[in-house]
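Asks: Here is the input, now give the coordinates:
(chains A and B)
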Protein chains: 2
Amino acid sequence: MNEFEFIATFLAPLAAREKGALGLTDDAAIVKVPPGQELVITKDAIVQGVHFIGNELPGLIARKALRVNLSDLAAMGATPYAYFLALMLPSSVDKAWLEAFAEGLGADQKTYGITLMGGDTTHAPNALSLSVTALGLVPATKALLRNGAKPGDDIYVSGTIGDAALGLKVAHGTLQVPATARNYLLERYQLPRPRTMVGIQLHDIATSCIDISDGLVQDLGHICNASKVAARIRFDTIPLSPSARSALVSLENPYEIVLTGGDDYELLFTAPPAASAKLAAVANKTDVPFTRIGRISEGTGVRVLSAEGKEIVLSREGYRHF
Amino acid sequence: MNEFEFIATFLAPLAAREKGALGLTDDAAIVKVPPGQELVITKDAIVQGVHFIGNELPGLIARKALRVNLSDLAAMGATPYAYFLALMLPSSVDKAWLEAFAEGLGADQKTYGITLMGGDTTHAPNALSLSVTALGLVPATKALLRNGAKPGDDIYVSGTIGDAALGLKVAHGTLQVPATARNYLLERYQLPRPRTMVGIQLHDIATSCIDISDGLVQDLGHICNASKVAARIRFDTIPLSPSARSALVSLENPYEIVLTGGDDYELLFTAPPAASAKLAAVANKTDVPFTRIGRISEGTGVRVLSAEGKEIVLSREGYRHF
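Replies: You can find the predicted model right below:
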């Protein structure tokens, strides 16, 4: 199956709904932004050997590439709209792989209401890599930014933290846990769930927002830097799944993985204490738990305290690519 | 130099002019489209060992990645506006490489009036690869598409054809030519010149347009397929540079490289014969020569005739990635 057959057979149907995609047969796509809306654009790449191992099902790789981008849109409070895909493929992929990959894209198009609009397929000599550019829409001036956290604001996270970093250990075979926990943690690593519905509901409530992709402390540090504030969180208030709780018992340094592990793609946001009732309503409406893990103050930097009130010192704050 | 230092030191200054880039410190960028305009978006990746060799100057690699995308915008008649960059970097790159790479981006930002708005930097285990998403603006309904060629239309190309494919042979050391030709052909391969000003001037004149990235015959085939027409071109009317002309003499099959060689990034477009005076004015205004190389007719497929009127049969139509 050559490049043009792949595009015509498997990709063009994914773009059929969107007129501006021009059937994937033109040099570029045409995007019309509805009046009163702003376009939010994010672009993340995932690389074999870095963001995924390579032995995952092709559909899972496709969906993870989409979802890490949709998570960025969620963190901006944007509604997903469309995406572009650059696919760099080693010779080892065959027609069955390409078909399963496209099926994964198709499944998440339905889940998130998005459409393929364009991109590029090219050969790559070694590792498989993919870059997705995701487009979302947000009412003008309503985007959630990182720079609005104020002293006195509460710090919240959605869902549970640390699952994906533990799932990576499971995938690498370096963590032994019971089958139920194993499957749960692995899925949390392989198939993140962008908090799309949460982000949209946080307009006019959250004062800042980010998705946790590189580690809780590091990403909270990004909010602090952008907002010119300090943050203090309590380790024992960080929400853990039952699977993570059982897995952490066997680890030498449970702090490290929860505080600095990447790939959770939960939302980390700040809001004034007066917003707590509104937040409870959003959690209820979206069926996603929010947990208050600390507070913003004047100053700089992120401090983490143990249940006993002692400061936890980390050897690194989170994931760095280089 | 780590990821965040690279972004803050070398990339953030490239995004400073554009408020919607949010200083490259947020999860995504915010794009506002002026009333009456449509956004044109294209996304192309370039991979070491496929689109470039890897020993090129870092600034040239940066500029080529931008320019192959700007060429797509030119083919749509769009004015370049901004871009997103995903950079997948092997461990071999150091601070000097990153600085020179960013300088290349900066130089082309000035040349084409574009601004970095976001993206991603990540480690890659082997080859360097880059994906650029380029944004352009076009007055509503004025974009140049591939599907408007009509029987009777003339077929034109801008500039000269075959230079870049010969330049690739020079880069690989498989073509020996005098120094002047060598430098010219190499530059045509390493640093394409997107026909930005030409594309913008072709609104309401060209009936279809594409950029020649994968080979003249193959790209003309894309116009024919999209427009449901046939094309006939005369080989001896295809414009060649003096350097290409001198290099082709030594080649066994000069047809092949001119008709199927990639990377020229010239525009290939169609227009009714009545538009010839307007086209002459555009060529004059933009200082880019246009050459009529054939005519559109009813039917399907692309035929190439020699100066003697005999059909030239090709073993392949152009570059395919797989």
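
Asks: Could I get the average pLDDT for stretch A:247-255?
Replies: In this model, stretch A:247-255 has a mean pLDDT of 88.

Asks: So what touches it?
Replies: With contacts defined as Cβ atoms under 8 Å, 6 or more residues apart in numbering or on different chains, stretch A:247-255 is touched by A:162, A:166, A:175-177, A:181, A:185, A:235, A:240, A:257-258, A:304, A:312, A:314. Where you see a C-beta, it was placed from the backbone N, CA and C, and this is true even at glycine.

Asks: From the residues you listed, pick the one nearest chain B.
Replies: Taking Cβ to the nearest Cβ as the measure, chain B sits nearest to A:Leu314 out of the contacts of stretch A:247-255, at 16.1 Å.

Asks: dump the residue contacts of the closest one.
Replies: A:217, A:255-256, A:259-260, A:304 are the contacts of A:Leu314 under Cβ under 8 Å, 6+ apart.

Asks: Okay, helices next: where are they in the stretch 151-300 of chain A?
Replies: A:163-172, A:179-190, A:196-201, A:216-227, A:242-248, A:254-260, A:276-286 (DSSP state H, counting those that start in this stretch).

Asks: how about those helices in CSV, adding distance to B:Gln37 and mean neighbour count?
Replies: As requested, the helices of the stretch 151-300 of chain A are exported to CSV (distance: least, Cβ to Cβ, whole Å; neighbours: other Cβ atoms under 10 Å in any protein chain shown):
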stretch, distance to B:Gln37, mean neighbour count
helix A:163-172, 40, 23
helix A:179-190, 40, 19
helix A:196-201, 26, 23
helix A:216-227, 30, 23
helix A:242-248, 48, 19
helix A:254-260, 44, 21
helix A:276-286, 35, 14
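
Asks: So which residues of chain A form strands?
Replies: Counting by DSSP state E, one finds strands in chain A at the ranges A:29-31, A:37-47, A:79-89, A:115-123, A:129-139, A:154-158, A:208-211, A:230-234, A:267-271, A:290-297, A:301-305.

Asks: Take these and lay them out in JSON lines including distance to B:Leu24 and mean pLDDT.
Replies: Formatted as JSON lines, these follow (distance: least, Cβ to Cβ, whole Å; pLDDT from 0 to 100):
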{"stretch": "strand A:29-31", "distance to B:Leu24": "22", "mean pLDDT": "97"}
{"stretch": "strand A:37-47", "distance to B:Leu24": "12", "mean pLDDT": "96"}
{"stretch": "strand A:79-89", "distance to B:Leu24": "20", "mean pLDDT": "97"}
{"stretch": "strand A:115-123", "distance to B:Leu24": "23", "mean pLDDT": "95"}
{"stretch": "strand A:129-139", "distance to B:Leu24": "15", "mean pLDDT": "97"}
{"stretch": "strand A:154-158", "distance to B:Leu24": "23", "mean pLDDT": "98"}
{"stretch": "strand A:208-211", "distance to B:Leu24": "14", "mean pLDDT": "98"}
{"stretch": "strand A:230-234", "distance to B:Leu24": "21", "mean pLDDT": "97"}
{"stretch": "strand A:267-271", "distance to B:Leu24": "19", "mean pLDDT": "98"}
{"stretch": "strand A:290-297", "distance to B:Leu24": "23", "mean pLDDT": "98"}
{"stretch": "strand A:301-305", "distance to B:Leu24": "21", "mean pLDDT": "95"}
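
Asks: Chain B contacts on the stretch 151-300 of chain A?
Replies: Within reach of chain B by Cβ under 8 Å from any Cβ of the partner chain, the stretch 151-300 of chain A has these residues: A:210-211, A:222, A:225-226.

Asks: quick revisit: would a markdown table of the strands of chain A with distance to B:Tyr83 and mean neighbour count be doable?
Replies: Shown next, in a markdown table, are these (distance: least, Cβ to Cβ, whole Å; neighbours: other Cβ under 10 Å):
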| stretch | distance to B:Tyr83 | mean neighbour count |
| --- | --- | --- |
| strand A:29-31 | 15 | 24 |
| strand A:37-47 | 10 | 26 |
| strand A:79-89 | 12 | 25 |
| strand A:115-123 | 14 | 23 |
| strand A:129-139 | 10 | 27 |
| strand A:154-158 | 32 | 24 |
| strand A:208-211 | 23 | 27 |
| strand A:230-234 | 33 | 20 |
| strand A:267-271 | 28 | 27 |
| strand A:290-297 | 34 | 20 |
| strand A:301-305 | 32 | 18 |
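
Asks: mind putting the ones you listed in CSV, distance to B:Gly77 included?
Replies: Output for the strands of chain A, formatted as CSV (distance: least, Cβ to Cβ, whole Å):
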stretch, distance to B:Gly77
strand A:29-31, 11
strand A:37-47, 20
strand A:79-89, 19
strand A:115-123, 16
strand A:129-139, 21
strand A:154-158, 44
strand A:208-211, 37
strand A:230-234, 49
strand A:267-271, 40
strand A:290-297, 48
strand A:301-305, 49
